[in-house]
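Chemist: can you look at this prediction? I've put the sequence above it.
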Amino acid sequence: MVTPCKLSHHCLHVDKYLHHLQLSDANLMDVSLRFRREMDKGLGRDNQLHRALKMLPHVVRSTPDGHQKMATFWLLTLAGPHFRVLLVKVSSNGEQKVEMENQIYAIPEDIMRGSGSELFDHIADCLANFLDKLGIKEKKLPLGFTFSFPCQQTKLDEGFRASGVEGKDVVALLRIAIQKRGDFDIDIVAVINDTVGTMMTCGYETTTAKSALSSDMRNMELVEGDEGRMCVNMEVGARSATTAPWDDLRTAFEKMISGFYMGELVRLILVKMAKEQIVFQGQVTADLLTTGRINTSHVSAIEDERDNAGLLAAEKVLQGLGLAPSAQDCVAAQRVCQVVSTRGAHLCAATLVSVLRQIRDNKAAERLRTTVGVDGSVYKSHPEFARRLHKMVRRLAPDCDVRFLRSEDGSGKGAAMVTAVAHRLAVQHAERQCILDSLRLGQEQLLEVKRRLEGAMRRGLAQETHGQASVKMLPTYVRATPDGTEHGDFLALDLGGTNFRVLLVRVRSGKRRKVEMHNKIYSIPQDTMQGTGEELFDHIVHCIADFLEYMGMKGAVLPLGFTFSFPCQQKQLDQGILLKWAKGFKASGCEGQDVVTLLKDAIRRREEFDLDVVALVNDTAGTMMTCGYDDSMCEVGLIEMRNVELVEGDEGRMCINMEWGAFGDDGELDDLCAEFDRVVDENSNNPGKQRGLLFRGKLLERLKTRGIFETKFLSQIASDRLALRQVRSILQHLGLSGSTCDDSILVKEVCSVVARRAAQLCGAGVAAVVDHMRCNRGLERLRVTVGVDGTLYKLHPHFSGIMRETVQALAPSCDVSFLQSEDGSGKGAALIAAKLSKLLMTIM
């Protein structure tokens, strides 16, 4: 009779023998840290083939949100010597529901080890059989393909040796097999791994489910783009650093934790212990030496500690192997099972902790709360595996609150979820592209815009057609750019929007050539913008008086350049008739009047100071003058006088204010306008003028509240590497706190398309201008610099590059450089005043 004391002593002896398989918390934390390093390497782009963790992207970017519409799909699940074909109906309607019909088909041994074409022909034949049985062969439905093999590794496991499959696209192989039959068709929308299916199944039950790894795209170098999140199949079954055979116990990680191999590990340990005379009195039978004679269900039964059920199971299993086990042998076998399964549970916990910490760090959270979707026979049927796993996760990751959710048919239901999501995203993508295609411009369209603008420019310059021209080509009476000899103190007034500036500009020539500026910004109240002209100009003069007092120059009389960024018809440099208000201004009594006279009248009414208004300038002319001060080649806008019929004389050149913002007012661009351009136009303060199509880049059409989406958001969204966080914060600012990751990606794409179109149209406009200048000057090739101003050009990371590319493509005979203006509307006006003052002094 064996006493409890002897049994206890024998257990200690077995534990000592198996000591190398029992891992301490320190060992497990070390495994977790190593695993985390391998995850980081696996997400990198370099040396993928030589890395233990492949971290394979699955292009699954979201879990189900419970709002999938009613839909029917085919599913094909291939994971072993059998595969399933399923017809699945997914619905929500407030009640998440998945209905499945399925049939299992066997894969004969010769096909498993034959050619890839034979394998997929067999699968296609079985699909046809299933469709025939249901009588729906003529329907073309989306199909989700669960392919439970590492699709980027170099071998198939689990008994498959079919040739011509490794290194090939399995979706393409399946399509070819179906096309060869020719009697049915399907739309394969998703191919997934069973691990991903598990996450999606649990994600349908709870939106916090994470399995495998749902990683931020910015952390994945294997996939283009950094938007959103993507499910990553870690393929933890990859081999360890050693290449020793797995019966030496130094093996692939999968074989250390997987139920598929757990019984085999127990058998190998028992064989080694028997050979060393520790169990079975040194007896080794042929059955004990046969691979696969102890399986995972045996291990689960042997570890059942209820009423000695486990020891009885051990005795039965060992007797089935031709052994005559003693009570000590049964205890030893049970202990081996416990050590092996505990090691598997703890190693699984250590790696899961790595994943949890990765997710926590990705979210920059102090504490993570998440759900882990779990599948697998060991987790579901082993009496202790789940408890040991949960306990160790809590011990190793006290900063993570983890809920475990068992998956219900991950390869079937999970694939249905992936297919449902993929189908929904595919439909949404098609709809989105249909909308955005109306905003995308091809080369021929841009050339046509250029041709039409060139025609509009000619009509604007001609006396006969000027009155009807949409592009007015207004003379500015600025006849030259600065040459660096300008000198003196000048005032500038910059009026172009709801804020305006008063500036003191000191221009110095000679060796210390420089321009020094002092300015103050003033706002214009909304009621003043839309009141009377007298109220508007009285307010402007009041602000000028405040600035002169602020600068200690109240009694000084200085030349003033007046930047007035509205369409005016000038008869001379210090006179301009306002043609039409824009940008929200509607002050009465101004249109058709000389704005310089209106300003002088307001100064006289105040009776405090006097100013010499020597030049009325548009901001575009000011930009050219500012850039011309730094680059003598900057002369876009200077047109030969012989081509300007609106002004007498044909000597020299003159800067022309094109006012191309009105291009299209007469319907020239109607065929290029999207529906959103018309919404922008109809909701502007000046309907019919300054279409959103040109150079505005505002997304008013995407929002219900006019003007709420500011143009600066275009640059912010495009410039930040963490773009989606930026998008989400903007949407939250707009009150759209319930936006999803997909919403953010859509907003980013819309911003990109709108900004690109604006840059291309601007480039087409510049190409028209420089080609016009080249032809007028009779040159085969023109070299010129374009002065540029504007927030989109300055701040948007791609606008300037797209614009340059467009100009180069549309005007290949022109070498065009771009020079960013430094305060064209303020400094430019002062430089024009300086240029005029110099000319007057020369004459005197």
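Modeler: Nice, I can see it. Numbers count the residues shown, from 1 in each chain.

Chemist: which positions within the helix or strand hosting Asp538 qualify as buried?
Modeler: Element membership for Asp538 (DSSP states H and E) is helix 533-551. Burial within helix 533-551, assessed by neighbour count using 16 or more other CB atoms under 10 Å, is assigned to 533-541, 543-545, 547-548, 551. Glycine gets a C-beta too; all of them are placed from N, C-alpha and C.

Chemist: what's the answer for stretch 17-28, then?
Modeler: Here stretch 17-28 shows Tyr17, Leu18, Leu21, Leu23, Leu28 as buried, counting by 16+ other CB under 10 Å.

Chemist: closest to Asp631 among the residues you listed?
Modeler: Using CB to CB, Leu28 is the member of the buried residues of stretch 17-28 that lies nearest Asp631, at 66.7 Å.

Chemist: once you drop chain neighbours, what's closest to the closest one?
Modeler: Ala350 (4.3 Å; CB to CB, 6 or more residues apart in numbering).

Chemist: touching, that neighbour and Val31? I think so.
Modeler: Yes: the criterion here is CB atoms under 8 Å, and Ala350 meets it with Val31 at 4.4 Å.

Chemist: neighbour-wise, which of those two wins?
Modeler: With neighbours defined as other CB atoms under 10 Å, Ala350 and Val31 compare such that Ala350 has more, 26 against 20.

Chemist: find the nearest non-adjacent residue to Lys827, please.
Modeler: Thr626 (4.9 Å).

Chemist: report pLDDT for the one you found.
Modeler: On pLDDT, Thr626 comes in at 77.

Chemist: now stretch 17-34, how far from the centre of its chain.
Modeler: Centre-to-centre, stretch 17-34 and its host chain are 40 Å apart (CA atoms, centre = their mean, to the nearest Å).

Chemist: export that stretch as PDB, just CAs?
Modeler: Provided in PDB are the C-alpha atoms of stretch 17-34 (Å, rounded to 0.1, in the frame of the first residue of the first chain):
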ATOM      1  CA  TYR A  17      12.700  16.600 -12.300                       C
ATOM      2  CA  LEU A  18      10.300  19.100 -14.000                       C
ATOM      3  CA  HIS A  19      11.800  22.200 -12.400                       C
ATOM      4  CA  HIS A  20      13.000  23.600 -15.700                       C
ATOM      5  CA  LEU A  21       9.400  23.700 -17.000                       C
ATOM      6  CA  GLN A  22       8.100  25.600 -14.000                       C
ATOM      7  CA  LEU A  23       8.400  29.400 -14.600                       C
ATOM      8  CA  SER A  24       8.600  32.000 -11.900                       C
ATOM      9  CA  ASP A  25       7.000  35.400 -12.100                       C
ATOM     10  CA  ALA A  26      10.400  36.900 -13.000                       C
ATOM     11  CA  ASN A  27      10.800  34.300 -15.800                       C
ATOM     12  CA  LEU A  28       7.400  35.200 -17.100                       C
ATOM     13  CA  MET A  29       8.000  39.000 -17.000                       C
ATOM     14  CA  ASP A  30      11.200  38.300 -18.900                       C
ATOM     15  CA  VAL A  31       9.300  36.400 -21.500                       C
ATOM     16  CA  SER A  32       6.700  39.200 -21.700                       C
ATOM     17  CA  LEU A  33       9.400  41.800 -22.300                       C
ATOM     18  CA  ARG A  34      11.100  39.600 -25.000                       C
END
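
Chemist: list the contacts of that stretch.
Modeler: Residues outside stretch 17-34 that contact it (CB atoms under 8 Å, 6 or more residues apart in numbering) are 15, 269, 273, 278, 335-336, 339-340, 342-343, 346-347, 349-351, 353-354, 357, 392, 395-396.

Chemist: which helices and strands sit right next to the strand or helix carrying Asp815?
Modeler: Element membership for Asp815, per DSSP H and E: strand 814-820. Strand 814-820 is packed against helix 619-630, helix 741-776, strand 782-788, helix 799-810, with contacts defined by 3 or more CB pairs under 8 Å, 6 or more residues apart in numbering; DSSP states H and E.

Chemist: indicate each strand paired with it and its parallel or antiparallel sense.
Modeler: Here strand 814-820 is paired, per DSSP bridges, with strand 782-788 (parallel).

Chemist: now the partner strand: buried residues?
Modeler: Quick answer for strand 782-788 (16+ other CB under 10 Å): Leu782, Val784, Thr785, Val786, Gly787, Val788.

Chemist: next, the angle from the host helix or strand of Leu714 to helix 799-810.
Modeler: According to DSSP H and E, Leu714 maps onto helix 712-719. Per axes from the mean of the first three to the mean of the last three CA atoms, to 10 degrees, the angle that helix 712-719 makes with helix 799-810 is 90 degrees.

Chemist: pLDDT of the next helix or strand after helix 712-719, averaged?
Modeler: Counting by DSSP H and E, the element after helix 712-719 in chain order, helix or strand, is helix 723-733. Helix 723-733 comes out with an average pLDDT of 71.

Chemist: and if you look at stretch 310-325?
Modeler: Taken as a whole, stretch 310-325 has an average pLDDT of 95.

Chemist: on that earlier part again, tell me the one of the buried residues of helix 533-551 nearest Ala422?
Modeler: Looking across the buried residues of helix 533-551 and measuring by CB to CB, the closest to Ala422 is Leu536, at 58.2 Å.

Chemist: look up how far Ile524 lies from the spatially closest residue to the closest one that is not a sequence neighbour.
Modeler: Sequence neighbours aside, Ala587 is the residue nearest to Leu536 in space, at 4.4 Å (criterion: CB to CB, 6+ apart). Distance from Ala587 to Ile524, counting by CB to CB, to the nearest Å: 10 Å.
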